[in-house]
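J.: fold the following and give me the result.
(chains A and B)
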2 protein chains.
Amino acid sequence: MNAPLPTPVLPEVHPRPVPPEALAALQARFGSRLSTAAAVREQHGRDESAFTHVPPPAAVVFAESTADVADAVRLAARWRVPVIPFGVGSSLEGHLLAVQGGISLDVSRMNQVLAVQPEDLTATVQPGVTRKQLNEAVKHLGLFFPIDPGADASIGGMAATRASGTNAVRYGTMRENVLALEVVTARGEVIRTGTRARKSSAGYDLTRLFVGSEGTLGVITEITVRLYPLPEAISAAICSFPSVEAAVRTTIAIIQMGVPIARCELLDARTVRAVNAHSKLGLREEPMLLMEFHGSPTGVREQAELVQAIADEHGGQAFEWATTPEERTRLWTARHNAYFAGVQSRPGCRAITTDACVPISRLADNVLAAVAEADAAGIPYFMVGHVGDGNFHMGYLIDPDNAAERATAERLNHALVERALASGGTCTGEHGVGLHKMGFLRAEAGDGAIALMRAIKAALDPDDILNPGKILAG
Amino acid sequence: MNAPLPTPVLPEVHPRPVPPEALAALQARFGSRLSTAAAVREQHGRDESAFTHVPPPAAVVFAESTADVADAVRLAARWRVPVIPFGVGSSLEGHLLAVQGGISLDVSRMNQVLAVQPEDLTATVQPGVTRKQLNEAVKHLGLFFPIDPGADASIGGMAATRASGTNAVRYGTMRENVLALEVVTARGEVIRTGTRARKSSAGYDLTRLFVGSEGTLGVITEITVRLYPLPEAISAAICSFPSVEAAVRTTIAIIQMGVPIARCELLDARTVRAVNAHSKLGLREEPMLLMEFHGSPTGVREQAELVQAIADEHGGQAFEWATTPEERTRLWTARHNAYFAGVQSRPGCRAITTDACVPISRLADNVLAAVAEADAAGIPYFMVGHVGDGNFHMGYLIDPDNAAERATAERLNHALVERALASGGTCTGEHGVGLHKMGFLRAEAGDGAIALMRAIKAALDPDDILNPGKILAG
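T.: Take a look at the predicted model:
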């Protein structure tokens, strides 16, 4: 039996008091790496979500090693103090907010690439390593790490939210690309999940359980990921379309024909306009697909020709191709800056970002209805999509202090998610549940599955100290 | 802290008594679909493992619907009677054996393909549908389901063991290809995990938790899987090599260069000999790679040329190509019959099959040492490998009643797994833990991870009725 779909409201805040002895014990262990300075706490009590009402954590611990993380969790556990892991703060759903108080455990200084095994196409990194940093570290080996959520997120945070992004249509998400983890449990014990083997049937899949657990089951302290040989040839293209529908229908045909496209991204006309303004570009202000093809020179050419023919059938025009790294970077600038261009198109606003992902056959009707409803509501928004995966984002741009705007955005969000679930889809393709989608998750998963998730949370974190109040409501 | 690696011994048998009231209640609910006939029980108390000493289950229930499964589990739960899900009985590690007594829950009559969504490349099936049956059902749509463990296993059993097989190097395993499940919990409740969206960050990944849980956390009653467009072109090849090492080194080079090979299988000379005898073939009795390439005609040709060049460098010869379905089937007969050809090469024997999977750079030394040790021990064996994944199987052919032969096989198995773990690999790439690898799992995962697995098992199945005594020892 599934619960009805609620409309999200502002998360409740119930900070647990942090006993002075707990802070003193952390201070004794971490010295100057424990901070209670207002600016530091503020910076760790914020993310990219539209929630601005939650007080910051009581303190921030800067961990530099797995032993630091284990000790911090052990001390927190002794006084039942909440622990919120923090990477770079780029999450969108309130994951980092201290709704139950406690401490932020900043792992950004754990930023070493510990090992690269080029012959096995694997690397092991600390959680504070960012995706760009990892790519810099392996480029000279002819390798790359494909998961690209846009922001230069930390690999730890990306694992914790089961992130994906532009390359997922070809290379999968963090679910498919994390081979093994080191995790500190709620008792402060250090465990390992998985091995460097490409596949395994060895017991319960703890790796996949921690991937996407948003810091609520353990703190990730090491991640072993898959790497890929840099493609022999890469070709990028942008193509304009007379309508969002034409762009989406082109995407559907590409996927259904099995074209191994590496990236397939949609921007609507108003988002292209925002990007032009933000990045001083001169793109046609029409719905646009950005695509990328990876393979041998011949394979890339074949894919490109096939896609061009499909796009032609749907009125695609003004194809622009880029094969050199510099040209590709210029084209992708539009996509990579879309989020910030959107947010900055309305000074002082915050974005309430949707993240539905639907079966590809339902993508057109889901996207079109969302756009029509947003237009009818008259709310400013941007729209981008990893449409090759059936995943798209509306970013409703609201004044966070304006309750009416928030209500409008959440009403649109509700309608969008309701349609996605009715289409056999999910409320979140890649951003995670955090604070914002707990009600959506309950409706999507059903009470039976939620009960199992609760049982797992209770079994692994009986005192509810690991990022409490997230994923599973109340 | 990891436990030392034990040498497997015969599993202990501690049947729990099944109260007559429990059997009577099941009889009242299931009528003639409950069987206590000796032949039926015997058939459900056996698998392809080398364990022949375990008494059969007390009864067999033939489920025809999810409601049947839920009722059977609920009744079993009332009297704490173990429930062992049964598909086609093709597992290799004792998964089905009633070491704690109880009932076998046969789901083979739940064999309907419930839905196919060709436009979304998904299908939903009941657990008794076999992989060949699913492929027959979607062939006319130009689609296929790639996971091929050799045996015509049930999709439910394949999900439960996280199976893979010959196509995994290109298409992944059940881990990557199951999108959603319906599961009956230990309390007899029906829950759903996942959606038909290609990716999701919606809470804990229950789908991946049940995939590979070997019937110990719930009974899978529906599976939604990914399908793929049939490749435009398929080309298969066999190639003989002067040594196992040359064949393995060829494989390593293929993978490291990122060739998107669809299948890459190794047979050693003695296995080719067994296959020749079994299937009346005339293959060169030398180490052999069987390969398959999927893609566009040009792409397949490119891959084939590259692989041929790599093989040439390692002394590969007698390349034989097949592009028509009939020719391909003939070539693949060798691989598909390898297990039975091996077992039948010694009448009356059973195979103790290893399943290590290692990082590709360590494949050559792991395979060569295993072969050298088996040759030195003078035990009959066969050897096949999904070498593109770093996964290989030694099948030691023993008289199951000969304790000395069993001890020799287990000694070789122990040495092989010890080396695989030291190489950063896993004791089981695809067969699962069952009864046979519980000690290996503990050494591989470490006590901390095992404690988490136990906590999950206790949370989801507090009375330990779901396939008890498997995965997590005593």
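
J.: what about the host helix or strand of A:Phe440, distance to the chain center?
T.: Remark: A:Phe440 resides in helix A:438-460, with elements defined by DSSP states H and E. Relative to the centre of its chain, helix A:438-460 is centred 20 Å away, using C-alpha atoms, centre = their mean, to the nearest Å.

J.: try stretch A:221-234
T.: 18 Å.

J.: ok, A:His95 touching A:Met438?
T.: No: contact criterion C-beta atoms under 8 Å: A:His95 and A:Met438 do not qualify, at 11.6 Å. No exception for glycine: its C-beta is placed from N, CA and C like everyone else's.

J.: and the least confident helix or strand in chain A by mean pLDDT, what does it pack onto?
T.: Across the helices and strands of chain A, the lowest-confidence element by mean pLDDT, DSSP states H and E is helix A:325-336, at a mean of 85. Counting contacts by 3 or more C-beta pairs under 8 Å, 6 or more residues apart in numbering or on different chains; DSSP states H and E, helix A:325-336 is packed against strand A:233-240, strand A:263-267, helix A:269-279, strand A:288-295, strand A:317-322.

J.: please repeat the previous calculation with a cut-off of 10 Å.
T.: Packing contacts for helix A:325-336, counted by 3 or more C-beta pairs under 10 Å, 6 or more residues apart in numbering or on different chains; DSSP states H and E, involve strand A:233-240, strand A:263-267, helix A:269-279, strand A:288-295, strand A:317-322, strand A:381-386.

J.: tell me what angle the second one forms with strand A:288-295.
T.: Counting by axes from the mean of the first three to the mean of the last three C-alpha atoms, to 10 degrees, strand A:263-267 lies at 170 degrees to strand A:288-295.

J.: relative to the whole chain's centre, how far out is strand A:263-267?
T.: On C-alpha atoms, centre = their mean, the centre of strand A:263-267 falls 16 Å from that of its chain.

J.: parallel or antiparallel, list what pairs with that strand.
T.: Its sheet considered, strand A:263-267 pairs with strand A:288-295 (antiparallel), strand A:381-386 (antiparallel) by DSSP bridges.

J.: export these to CSV and append columns for mean pLDDT and mean neighbour count.
T.: CSV is the format used below for the strands paired with strand A:263-267 (pLDDT from 0 to 100; neighbours: other C-beta atoms under 10 Å in any protein chain shown):
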stretch, mean pLDDT, mean neighbour count
strand A:288-295, 96, 26
strand A:381-386, 96, 27
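
J.: those: which one's closest to A:Pro146?
T.: For A:Pro146, the closest of those is strand A:288-295, at 9.1 Å, according to C-beta to C-beta.

J.: next helix or strand past the closest one?
T.: In N-to-C order, the element after strand A:288-295 by DSSP H and E is helix A:297-313.

J.: buried residues of that next one, list them for me.
T.: A:Gly299, A:Val300, A:Glu302, A:Gln303, A:Ala304, A:Leu306, A:Val307, A:Ile310, A:Ala311 (16 or more other C-beta atoms under 10 Å in any protein chain shown).

J.: with stretch A:351-371 instead?
T.: Applying 16+ other C-beta under 10 Å to stretch A:351-371 flags A:351-364, A:366-367, A:370-371 as buried.

J.: these in strands, which ones?
T.: A:Ala351, A:Ile352, A:Thr353 (DSSP state E).

J.: helices and strands around the helix or strand harbouring A:Leu105, which ones?
T.: Per DSSP H and E: A:Leu105 is located in strand A:103-106. Packing contacts for strand A:103-106, counted by 3+ C-beta pairs under 10 Å, 6+ apart, involve helix A:20-30, strand A:34-35, helix A:38-44, strand A:59-62, helix A:66-78, strand A:83-86.

J.: so can I have TSV of these showing mean pLDDT and mean neighbour count?
T.: Formatted as TSV, the helices and strands packed on strand A:103-106 follow (pLDDT from 0 to 100; neighbours: other C-beta under 10 Å):
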stretch	mean pLDDT	mean neighbour count
helix A:20-30	98	16
strand A:34-35	98	20
helix A:38-44	98	16
strand A:59-62	98	24
helix A:66-78	98	21
strand A:83-86	98	29
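
J.: pipe these into TSV and attach distance to chain B per row.
T.: Formatted as TSV, the helices and strands packed on strand A:103-106 follow (distance: least, C-beta to the nearest C-beta, whole Å):
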stretch	distance to chain B
helix A:20-30	22
strand A:34-35	27
helix A:38-44	22
strand A:59-62	22
helix A:66-78	11
strand A:83-86	16
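
J.: among these, which comes closest to B:Thr428?
T.: Among the helices and strands packed on strand A:103-106, helix A:66-78 comes nearest to B:Thr428, with 27.2 Å by C-beta to C-beta.

J.: mind checking how far that closest one is from the chain centre?
T.: Distance of helix A:66-78 from the chain centroid (C-alpha atoms, centre = their mean) equals 26 Å.

J.: buried residues in the helix holding A:Phe440?
T.: By 16+ other C-beta under 10 Å, the buried positions in helix A:438-460 come out as A:438-446, A:448-453, A:455-457, A:459-460.

J.: packing partners of that helix?
T.: Other helices and strands packing on helix A:438-460, by 3+ C-beta pairs under 10 Å, 6+ apart, are helix A:206-210, helix A:403-422, strand B:178-184, strand B:190-193, helix B:206-210, helix B:438-460.

J.: one more time with 8 Å, if that's ok
T.: helix A:403-422, strand B:190-193, helix B:206-210, helix B:438-460.

J.: which element follows the strand holding A:Leu105 toward the C-terminus?
T.: strand A:113-117.

J.: which residues are in contact with each of A:His95 and A:Met438?
T.: A:Lys470 (C-beta atoms under 8 Å, 6 or more residues apart in numbering or on different chains).

J.: follow-up on the earlier one: the strand holding A:Leu105: partners in the sheet, and parallel or antiparallel?
T.: Neighbouring strands of strand A:103-106 in its sheet, by DSSP bridges, are strand A:59-62 (parallel), strand A:83-86 (parallel).

J.: switch those over to CSV; also include distance to A:Ala159.
T.: As requested, the strands paired with strand A:103-106 are arranged in CSV below (distance: least, C-beta to C-beta, whole Å):
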stretch, distance to A:Ala159
strand A:59-62, 20
strand A:83-86, 11
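
J.: pLDDT on stretch A:120-137, on average?
T.: Stretch A:120-137 comes out with an average pLDDT of 98.

J.: list the contacts of stretch A:6-19.
T.: A:51, A:53-55, A:58-59, A:79-82, A:94, A:97-103, A:406, A:410-411, A:413-414, A:435-437, A:439-440, A:443, A:469.

J.: against B:Ser164, how distant is the residue in the stretch 51-200 of chain A that chain B sits nearest to?
T.: Closest to chain B within the stretch 51-200 of chain A is A:Ile191: 3.5 Å, counting by C-beta to the nearest C-beta. For A:Ile191, the distance to B:Ser164 (C-beta to C-beta, to the nearest Å) stands at 25 Å.

J.: go on, A:Ala202?
T.: Counting by C-beta to C-beta, the gap from A:Ala202 to B:Ser164 is 13 Å.

J.: check contacts around the spatially closest residue to A:Pro468 that is not a sequence neighbour.
T.: Using C-beta to C-beta, 6 or more residues apart in numbering or on different chains and skipping the chain neighbours, the partner closest in space to A:Pro468 is A:Gln100 (4.7 Å). Counting by C-beta under 8 Å, 6+ apart, A:Gln100 touches A:His14, A:Pro15, A:Arg16, A:Pro82, A:Pro468, A:Gly469.

J.: what of A:Pro57?
T.: By C-beta under 8 Å, 6+ apart, the residues touching A:Pro57 are A:Arg41, A:His44, A:Gly45, A:Ile84, A:Ala98, A:Gly101, A:Gly102, A:Ile103, A:Ser104.
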